[in-house]
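1. From the sequence below, what's the structure:
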Amino acid sequence: MRILNVTAQKPDGTGSGVYLTEMVKAQIELGHQTAVVCGVDAEDVITALPEQTAVFDVRFHTEALPFHVCGMSDVMPYPATRYRDLTPQMTSLFVAAFQARVRQALEEFRPDAIICHHLYLVTSIVRACAPGLPVGAVCHSTDLRQMATRQLERQRILEAIRSLDAVFALHEAQAQQIEQTYGLDPARIHVIGTGISTRVFSPEGCADVTRQPGRICYAGKIWGKKGVPSLLRAADAIAADQLPEGTPSLCLRLAGGRGEDDAEFAAITGLGRSIRWEADFLGKLPQAELAREYHAAEVYCLPSFYEGLPLVVVEALACGCKVVTTDLPGVRPWLQERVPNAPVVWVEPPAMASVDTPCEGELPGFEARLRAALLQALSMPCVPCDVSQISWHNVTKDAVGNLS
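-> Below is the predicted model:
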């Protein structure tokens, strides 16, 4: 098939960007021809996509689009415009730019099917531009968060999503949320999950790296809503005499970009400097370097307050880490079905003030549970973990199969 993939964001730098890029690579490996419509800023060089993929980029931060590429999260790992800050004029420019590029891709690439990313504004544009083609869209949870908190083009988006040929959910809990949010026929919702790049993340990789007792790795945005301050405070509350035998100290290694909020990033790194253990902020890492961090770590921790289906948890398991993560809706049953004996310690989340913001008074209790979970994980043996069921080929076959 000839498959057009569409995202309003950059095809890298975020979980949904990686998801799109890996699906495109899998499409090529499965014998399909590929093209991508994506949003980027004027100065960006697109290197993540395969060379044989036709790229129809929408350039932001230009005279025609005088603002940064839009981000589905309010804090992105690169300069981005929040959807809530779009004025009617900016929205009109956004729609016109993507309409033009999508129509060009339809004329020049002539796809058999289209896969969009995010059940949001760009997907509504695609549906209107391609009424006679099969169109599906992948939900990444940030779209659900936007629909729960914003009114931007709401009716247009709802009508377009309801007319899609297929919607792809990451897990069953998300599928139910999609049905409730968009009023979508459940027969059109298909759970396809996520995959990992086994070329990079595998038990056999990084043979020259030695796992360090007491090393705790985090990968994701350095952001309060990802729970990074809670991780730092929970680790700080662990005394040396509480560590398991053979673990002389803790070392935290935090990989990820700072997003747009410099003050928040400065506060988090300042907190990292103040705790009793070493905390190193590594910045955004290429996948190969991130794999080395996983292989060197004993525990991977993701204390996030809101996620769809985090790739990083599966990547860390594939590289031999024990995992501590928040018990968010849909994630535990999906993972337990596909990796039944995964060494994961689940942490009860705090009560939430909004969809991704915890109640401040709940944080001490959450951090106490997180501290206990870290100690539990540190005392657990490292066991091999079979993640072979979680592949981009399986994800892509499921998505394409439901559009064919």
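
2. A160 is in contact with A128, isn't it?
-> Yes: with contacts defined as C-beta atoms under 8 Å, A160 counts as touching A128 at a distance of 6.8 Å. (C-beta placed from N, C-alpha, C; glycine too.)

3. Looking at the two, which one has more neighbours?
-> A160 (23 against 15; other C-beta atoms under 10 Å).

4. residues contacting that one?
-> By C-beta atoms under 8 Å, 6 or more residues apart in numbering, A160 lies in contact with T123, S124, R127, A128.

5. Most neighbours of all the residues you listed, which one?
-> Neighbour counts for the contacts of A160 were taken using other C-beta under 10 Å; the highest belongs to T123, which has 28 neighbours.

6. And the helix or strand harbouring that residue, what does it pack against?
-> For T123, the element it lies in under DSSP states H and E is helix 121-129. Of the remaining helices and strands, those touching helix 121-129 by 3 or more C-beta pairs under 8 Å, 6 or more residues apart in numbering; DSSP states H and E are strand 2-6, helix 88-109, strand 113-117, strand 135-138, helix 154-162.

7. Could you identify which of the ones you listed is most buried?
-> Among those, judged by mean count of other C-beta atoms under 10 Å, the one packed with the most neighbours on average is strand 113-117 (a mean of 27).

8. was I right about D41 contacting C70?
-> No: using C-beta under 8 Å, D41 and C70 do not qualify as a contacting pair, with a distance of 10.9 Å.

9. And the two? Which one has more around it.
-> Taking D41 and C70 together and counting by other C-beta under 10 Å, C70 has the greater number of neighbours (23 against 18).

10. what are the phi and psi values for that one?
-> Recorded main-chain torsions at C70 are phi -80, psi 140, according to degrees, to the nearest 10.

11. Same check on the one 4 residues further on?
-> Comment: the main-chain dihedrals of D74 come out as phi -70, psi -20, following degrees, to the nearest 10.

12. ok so, going back, closest one of the contacts of A160 to P381?
-> Checking the contacts of A160 against P381 by C-beta to C-beta gives T123 as the nearest, at 45.0 Å.

13. Return the distance of the closest residue to the closest one other than its chain neighbours relative to G227.
-> Counting by C-beta to C-beta, 6 or more residues apart in numbering, the nearest residue to T123 once its immediate chain neighbours are dropped is C116, at 4.2 Å. For C116, the distance to G227 (C-beta to C-beta, to the nearest Å) stands at 29 Å.

14. any idea which strand is longest in the chain?
-> Secondary structure of the chain per DSSP state E: the longest strand is strand 33-41.

15. Rounded mean pLDDT for that one, please.
-> Strand 33-41 shows a mean pLDDT of 98 in the predicted model.

16. for the stretch 201-350 of the chain, what spans make up the strands?
-> Listed in chain order, the strands of the stretch 201-350 of the chain (DSSP state E, counting those that start in this stretch) span 215-219, 251-255, 278-283, 299-302, 322-326, 344-347.

17. Tell me the spacing between the residue nearest to T123 and C38.
-> With distances taken as C-beta to C-beta, C116 is found 11 Å from C38.

18. Please apply the same query to K225.
-> 25 Å.

19. Counting neighbours, go ahead and name the busier of the two.
-> C38 (28 against 19).

20. now the more buried one: how far from A266?
-> According to C-beta to C-beta, C38 and A266 sit 31 Å apart.

21. swap in E278?
-> Relative to A266, and taking C-beta to C-beta, E278 is found at 19 Å.

22. More neighbours: the two, which one.
-> E278 (14 against 11).

23. What pLDDT is listed against the more buried one?
-> Per-residue confidence (pLDDT) for E278: 98.

24. go on, D262?
-> Looking at D262, its pLDDT stands at 87.

25. With P203 instead?
-> 86.

26. do the one 5 residues further on as well
-> Here, the pLDDT recorded for D208 equals 93.

27. re the thing from before, and the longest strand of the chain, what other elements does it pack with?
-> For strand 33-41, the packing partners by 3+ C-beta pairs under 8 Å, 6+ apart come out as strand 2-6, helix 15-29, strand 54-60, helix 88-109.

28. which residues do D41 and C70 both contact?
-> When contacts are counted by C-beta under 8 Å, 6+ apart, the set common to D41 and C70 consists of F60.

29. now stretch 317-337, how far from the centre of its chain.
-> The gap between the average C-alpha position of stretch 317-337 and the chain average comes to 14 Å, counting by C-alpha atoms, centre = their mean, to the nearest Å.

30. you'd agree Q151 is in a helix?
-> No: under DSSP: H, G, I helix; E, B strand; the rest coil, Q151 sits outside any helix and is assigned coil.

31. next one: phi and psi at it?
-> Here the main-chain torsion angles of Q151 (degrees, to the nearest 10) amount to phi -110, psi 0.

32. where in the stretch 1-150 of the chain is pLDDT low?
-> Screening the stretch 1-150 of the chain residue by residue with the criterion pLDDT under 70, one finds no matching range.

33. Let me see the contact set for L375.
-> Neighbours of L375 in contact, by C-beta under 8 Å, 6+ apart: I238, Q242, L243, P244.

34. right, and the last one touches A377 too?
-> Yep, that's P244 we're talking about. No: counting by C-beta under 8 Å, P244 sits too far from A377 to count as a contact (9.9 Å).

35. who has more neighbours, the two?
-> Comparing P244 with A377 by neighbour count (other C-beta under 10 Å), the higher total belongs to A377, at 21 against 14.
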